[in-house]
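Trainee: Here's a sequence, model it:
(2 chains)
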Amino acid sequence: MYQYTDKDQTLINERVDQFRDQTQRFLKGEIADDKYRALRLMNGVYVQTHAPLLRVAGPYGLLASAQVRKLASIARDYDKNFCHFTTRQNIQFNWPALERIPDMLEELASVQMHAIQTSGNCLRNTTSDQLAGVAKDELEDPRPYCEIIRQWTILHPEFAYLPRKFKIAVSGSIQDRAATHFHDIGLHLVKNDLGEIGFKVLVGGGLGRTPVIAQVIRPFLEKKHLLSYLEAILRVYNIYGRRDNKYRARIKILVREAGLAEVSKKVEAEWALIKDQLEVKETTISDMRTQFADPAYEKNLGTDSGYTKNLSDNPAFNTWVKHNTEEHKIAGYRAVYVSLKSPDSPPGDCSDTQLDALADLADTYSFGMIRATHRQNLVLADIKEADLFALWQKLAALKLATPNIGTATDIICCPGLDYCSLANAGSIDVTQRINDTLDSMDYIHDLGDLKINISGCMNGCAHQSVGHIGILGVDKKGVEWYQVTLGGSSENDAAIGERLGPAVSKEDIAPVVKTLLETYLEQRTNEDEPFLATFRRVGVSPFKEKVYAAD
Amino acid sequence: MPLIKNKTLTQDNWAFIADDAPLNDDFNIVSLARWNQDRDALSQVKNLGLRLESDVIIEDIISDLSHFSLIELFIPVFTDGRAFTHARLLRSRYDFTGDIRVNGDFMLDQIFYLNRVGISSYVLNENDSVEKAIAVMDDFSDFYQESVA
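Mentor: Next up, the predicted model:
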């Protein structure tokens, strides 16, 4: 993991001082509301329905146990004993008092964390693959590049007041686990014909009101040009991005309105002028890669007989291993998903006691590291197979072992009407209703790979438009209704979901989901055809007919 | 309005002249429209400044830069960040060595960034604290990006 230098630490300390001063001046009436709003957003502070919200950056999702313990103590001391993991690998506190947020930031800075640029119309936290560094299908670890990008984005003087927010995601694997097709810039580590590794650069993706799949602006970019190419895109966006309408201000709209060819022409022209001035040195890359070197794995681990025996003797353990763990590049290890989708807790929420316990488990079993996923779960990435049974029992005792990763109840959900001042409708309670309907784990496992995403408004924080089943809360004359889309995907086969038909009421939403799932079971050719494949084969009609048949 | 130049409160000799108003004796700032219309006459004026609005295409005025001893970037609303790019390009790509000032609706808390992209003077609002405006230039003692200041 990257360790802060004195320079990094000085910078975030000074940022805390700066925001403390700005907040004090605001509270004294010396900064106007609209201006302080821009300043607080760039420090992760929203004003929500009940209280301010603080969004803390989880740089590319990677957290050390000491940082997780700090999140726990902050949850206890400044909030209501829990925090929330978001779809961009960030961490949110829902109940802080504005006057105390500078103190929270100071505490975070003590463990090399910050909330810089987690909101606002600026360069946001760079996200990545939760299995970075351990995935079997990885070409190269993306995290060194994420950290290089993180440093470049932090307090970039030219790009702090962009037309709109700007999000970058990096993937180093064959399988895209970072939703790179739905970011303003998506970077894929790829190999060219000469066998060199560089970046495929995608631009103009996004979710929200206008979901758009990113397009390739450069099939191959040498690593040394990473920052100059990003700078060229950002400069073109800063000048030519629309500023007349905030719903038309993302780079996806510029790409759509001007066309990829025109944007590409401008970017390449700009890049030609700066590419030699802003090279990433080879030593910078190699130093950074050293920071993300493999932990001290035990080599030549054989098959553990206890593990094999537990797998055959204990069906519940077997099921958990099947659903909540993933292959690891090192033989004898697996990556473990910690499910934050227990049926009795809102998706992505984690209590202070769970955080403390997870930090201990990370120290005991996983080299002291924890990762956040963009599907709002956590990962302990380096678990020896011999430790899996003990870890499973401990996670189960903490209600963190629901064997539902990648299934119907592994729902991405925004805070919705319960917390968010933008929301039109509840989302947590809809998740609850769906959970209540799908109460049999066997049934859920039979449904197989399924991604249900639920957002409480069209800003789409829960990525409903790329859910296999997407649910979007809308307000109709003060009543909460829900629009359903089918067939979205944020992975390699990126797609935007198709509307099922007219919105349904809150009472009907869980039964409708049930009907959709029953229809899938009827329509699938066999148990190996997942929901998304069936939908792509048969289309929306059979689902539509079943759902609206009763009308 | 208070003017800060080179981190010091400074007497402002310059004035922006409306397009239909006669020029002062010296230190006139004119709009791009006026410059484009009267460039022959204006080329004879001693100290000439040019005001650029945020929607300017900076490349269009580069060949004229030698006529100006001052460029004023006018920020219509503090959320409009185009001037940050304009300043940077004027300073580092087009080697403008005269004064680049900002005027308009920028906020004091943006001065740190503005200073880093090459702005050299600031026309403050009446009620802005001059001390604070100078102090915020040193909010950070280190940074990741190169400076063009």
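Trainee: what helix or strand is the residue nearest the centre of chain B on?
Mentor: Nearest to the mean C-alpha position of chain B, by Cα atoms, centre = their mean, lies residue B:101 at 2.4 Å. Assessed by DSSP states H and E, residue B:101 sits inside strand B:99-104.
Trainee: Going along the chain, name the strands of the stretch 101-250 of chain A.
Mentor: A:127-128, A:168-171, A:185-191, A:197-203, A:215-222 (DSSP state E, counting those that start in this stretch).
Trainee: which residues touch the residue nearest to the centre of chain B?
Mentor: B:3, B:5, B:70-73, B:119-123 (Cβ atoms under 8 Å, 6 or more residues apart in numbering or on different chains). Glycine gets a C-beta too; all of them are placed from N, C-alpha and C.
Trainee: try residue B:122
Mentor: B:3-5, B:101-102, B:106, B:111, B:114, B:133.
Trainee: can you do 10 Å?
Mentor: B:1-5, B:7, B:10, B:101-103, B:106, B:108, B:110-111, B:114-115, B:128, B:130, B:133-134, B:137 (Cβ atoms under 10 Å, 6 or more residues apart in numbering or on different chains).
Trainee: Buried among those? Make that a PyMOL selection.
Mentor: In PyMOL, this line selects whichever of those come out buried by 16 or more other Cβ atoms under 10 Å in any protein chain shown:
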select buried, chain B and resi 2+3+4+101+102+103+106+108+110+111+114+115+128+133+137
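Trainee: Which of the contacts of residue B:122 fall within helices?
Mentor: B:111, B:114-115, B:130, B:133-134 (DSSP state H).
Trainee: May I see those residues organised as a markdown table, with pLDDT and distance to residue A:398 added?
Mentor: Listed next are the ones in helices among the contacts of residue B:122 as a markdown table, based on pLDDT from 0 to 100; distance: Cβ to Cβ, whole Å:
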| residue | pLDDT | distance to residue A:398 |
| --- | --- | --- |
| B:111 | 97 | 49 |
| B:114 | 97 | 49 |
| B:115 | 96 | 50 |
| B:130 | 96 | 56 |
| B:133 | 96 | 52 |
| B:134 | 97 | 53 |
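Trainee: Neighbours of whichever residue of chain B sits closest to chain A, how many?
Mentor: Residue nearest to chain A within chain B (Cβ to the nearest Cβ): residue B:81, separated by 2.8 Å. When neighbours are defined as other Cβ atoms under 10 Å in any protein chain shown, residue B:81 has 26 of them.
Trainee: That one touches residue B:110, doesn't it?
Mentor: Yes. Under the criterion of Cβ atoms under 10 Å, residue B:81 makes contact with residue B:110 at 8.9 Å.
Trainee: joint contacts of these two?
Mentor: A:157, A:160-161, B:75.
Trainee: In JSON lines, list these along with pLDDT, neighbour count and distance to residue B:34.
Mentor: Formatted as JSON lines, the shared contacts of residue B:81 and residue B:110 follow (pLDDT from 0 to 100; neighbours: other Cβ atoms under 10 Å in any protein chain shown; distance: Cβ to Cβ, whole Å):
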{"residue": "A:157", "pLDDT": "97", "neighbour count": "23", "distance to residue B:34": "31"}
{"residue": "A:160", "pLDDT": "97", "neighbour count": "24", "distance to residue B:34": "31"}
{"residue": "A:161", "pLDDT": "98", "neighbour count": "24", "distance to residue B:34": "28"}
{"residue": "B:75", "pLDDT": "98", "neighbour count": "22", "distance to residue B:34": "20"}
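Trainee: Can you show me the helices along chain B?
Mentor: Using DSSP H, helices in chain B cover B:32-42, B:82-88, B:111-116, B:130-135.
Trainee: in the longest helix along chain A, what counts as buried?
Mentor: In chain A, taking DSSP H as the definition, the longest helix is helix A:6-27. If you call a residue buried by 16+ other Cβ under 10 Å, then helix A:6-27 has these buried ones: A:8, A:11-16, A:18-19, A:21-23, A:25-26.
Trainee: try stretch A:30-49
Mentor: A:31, A:35-46, A:48.
Trainee: Show me these that map onto strands.
Mentor: If you go by DSSP state E, the buried residues of stretch A:30-49 have A:45-46 in strands.
Trainee: Next, the nearest residue in space to residue A:366 that is not next to it in sequence: phi, psi?
Mentor: Excluding its sequence neighbours, the residue lying closest to residue A:366 (Cβ to Cβ, 6 or more residues apart in numbering or on different chains) is residue A:380, at 4.2 Å. Residue A:380 adopts backbone torsions of phi -100, psi 110, taken as degrees, to the nearest 10.
Trainee: now residue A:91
Mentor: The phi/psi pair for residue A:91 (degrees, to the nearest 10) is phi -130, psi 130.
Trainee: That one: neighbour count?
Mentor: Neighbours of residue A:91 using other Cβ under 10 Å come to 28.
Trainee: With residue A:528 instead?
Mentor: Neighbours of residue A:528 (other Cβ under 10 Å): 8.
Trainee: Perfect, that will be all.
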